[in-house]
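Chemist: make a model of this:
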Amino acid sequence: MGFHNAFITCRQYGFEPAEIHTIEEHIMVEKLLKHEKVGYEHGFWIFATNLDDKHSYYWLNSGRRLFYSNFSQGQPDNYKDNESCLQVFPVSSGHFAWNDLPCSLKMPFLCQHYQK
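Modeler: So this is what the prediction gives:
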């Protein structure tokens, strides 16, 4: 589903929309998704956007600015001035990077749950 509907769906089912704040969290995502096909078309929404400020991304759920990122080479590029939402996708077997895409694209998404 699109970025915003995916965000709402995570919340409706009692999960948090996925945010990746550290290299350790990024590696955990790589381990969980290691068997996915390679290519940006096989990516997953992570819930960072630059809709309000085209110069910096922030996590939609927590409101925190990105202080860690793992963008693919040449990304984010805001292609055709129409890419404001982030995905994580497999660049090679077991290795993932980030890319910006139009928020309306439909794709799988990642939710998270913190144990108390």
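
Chemist: assign the spatially closest residue to Glu36 that is not a sequence neighbour to helix, strand or coil.
Modeler: Leaving aside its sequence neighbours, Glu36 sits nearest to Pro90 (Cβ to Cβ, 6 or more residues apart in numbering; 4.9 Å). The C-beta positions use only the backbone N, C-alpha and C, and glycine is treated the same way. What DSSP: H, G, I helix; E, B strand; the rest coil gives for Pro90 is strand.

Chemist: local confidence estimate at Pro90?
Modeler: On the pLDDT scale, Pro90 is placed at 95.

Chemist: contacting residues around it?
Modeler: Counting by Cβ atoms under 8 Å, 6 or more residues apart in numbering, Pro90 touches 33, 36-39, 42-43, 96.

Chemist: bridging across strands, which residues link to it?
Modeler: Phe96 (DSSP bridges).

Chemist: for this structure, which spans come out with low pLDDT?
Modeler: Across the chain, residues meeting the criterion (pLDDT under 70) sit at 115-116.
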